[in-house]
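Novice: Next input, structure requested:
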Amino acid sequence: MKRFGSLLAISIALFFSQGCSPSAKSGQPAVENKEPATGHQMNAMQHEGHAMSESEHGEDSTTTQAKLTVANKITPNTPVPVVINIQDSNGKAIANFDRFQEKLMHLIVVSDDLQFFNHIHPIYKGNGRFEVETKFPQAGGYTLISDYKPAQATEQVSVLKVQVPGQKPAPTSVDFNHTKTFGDTKVSLTFDTTNLKAGQEVTMMFNLQDAKNDRPITDLQPYLGEKGHLVILKQSSDLTRADYIHAHAIKDTAASRVSYMTQFPQPGKYKLWGQFNRNGKIVTADFWVNVL
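Specialist: Residues are numbered from 1 along each chain as shown. Next up, the predicted model:
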């Protein structure tokens, strides 16, 4: 039986807003023809919301509603099928999307304590429907942040909440160490300022070394069309679109360094996930920072 089966609908608010990056346009409907794995039938909960995006660079503003469907019984660390249907304000499927950073949709999955992070790419099946599988490793709350871009319109960002039943893990401490080793890669995070202050532009630099000899790496390759990918989230009891930052890598930096320029909108603790392609292997480097 197919995973994406019968549905039981309930509603929850989603939030959308203008995104931060220009994109290469497809020019016509694009379908990624990859089939999800088959398995048991899925009873599901459906979540929906709608909003108006702002126009930018001559692109049209667009009213959309997204209906996201997840299983109503989620078992920790078990693959869960997710369906995302994108429609206009009248409930008609939006069929055409533009690619940005090489994909039609980016989906960020994080736990409420920001200890779990996953960046995946739903597959477009046509007629506004995206499908993907993900895992929720432990009981507790999760936030799904989805980026997509209707054709000739601005990038949209949606936020969805998912609750996994069971005993929540004990709280973990925040580690402000800015030099860590991830597999065979040592990563150091530095800034162009001593103190990070809300509302001020800052440049952050990820310096990558080989963990065996501390030499700068020489095998960094593009990831999603850029030198690296960076997601930032503010620590919050209820993550919203305002807590989400998606920064773009600065071009023409040293071979072993990936830099970004951004602003932190409010004081507080933030977690950063930098993702880099080291000779075909994705390195995800996570760090905490404190913003005054």
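Novice: Outside of stretch 269-281 itself, which residues are in contact with it?
Specialist: 114, 117, 119, 174, 183, 185, 187, 189, 204, 206, 208, 217, 219-223, 227-235, 245, 258, 264, 282-291 (Cβ atoms under 8 Å, 6 or more residues apart in numbering). Where C-beta positions appear, they are placed from N, C-alpha and C, glycine not excepted.
Novice: What is the subsequent helix or strand relative to the helix or strand harbouring E131?
Specialist: Assigned by DSSP states H and E, E131 belongs to strand 129-134. For strand 129-134, the following helix or strand on the C-terminal side (DSSP H and E) is strand 140-148.
Novice: Could you tell me which residues within whichever helix or strand comes after that following strand count as buried?
Specialist: The helix or strand immediately downstream of strand 140-148 is strand 156-164, counting by DSSP H and E. Neighbour counts over strand 156-164 (16 or more other Cβ atoms under 10 Å) mark 156-160, 162, 164 as buried.
Novice: Okay, angle between strand 156-164 and strand 140-148 too, please.
Specialist: Angle between the axes of strand 156-164 and strand 140-148 is 160 degrees (criterion: axes from the mean of the first three to the mean of the last three Cα atoms, to 10 degrees).
Novice: about what we covered before: the contacts of stretch 269-281, buried ones only, as a PyMOL selection?
Specialist: Only the buried entries of the contacts of stretch 269-281 go into this PyMOL selection, using 16+ other Cβ under 10 Å:
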select buried, resi 114+117+119+185+187+189+204+206+208+217+220+223+227+228+229+230+231+232+233+234+235+245+258+264+283+284+285+286+287+288+289+291
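Novice: In strands, which of the contacts of stretch 269-281 fall?
Specialist: 117, 119, 185, 187, 189, 204, 206, 208, 220-221, 229-234, 245, 258, 282-291 (DSSP state E).
Novice: which regions of the chain sit below the pLDDT cut-off?
Specialist: Where the chain drops to pLDDT under 70, the residues are 1-63.
Novice: And the residue located most distally from the centre of it, how far from D184?
Specialist: Here the centre of the chain is the reference, and by Cα atoms, centre = their mean the most remote residue is N213, at 32.3 Å. Distance, N213 to D184, using Cβ to Cβ, to the nearest Å: 11 Å.
Novice: So K168: helix, strand or coil?
Specialist: coil (DSSP: H, G, I helix; E, B strand; the rest coil).
Novice: May I ask you to confirm that it is in contact with Y142?
Specialist: No: judged on Cβ atoms under 8 Å, K168 makes no contact with Y142 at a distance of 11.5 Å.
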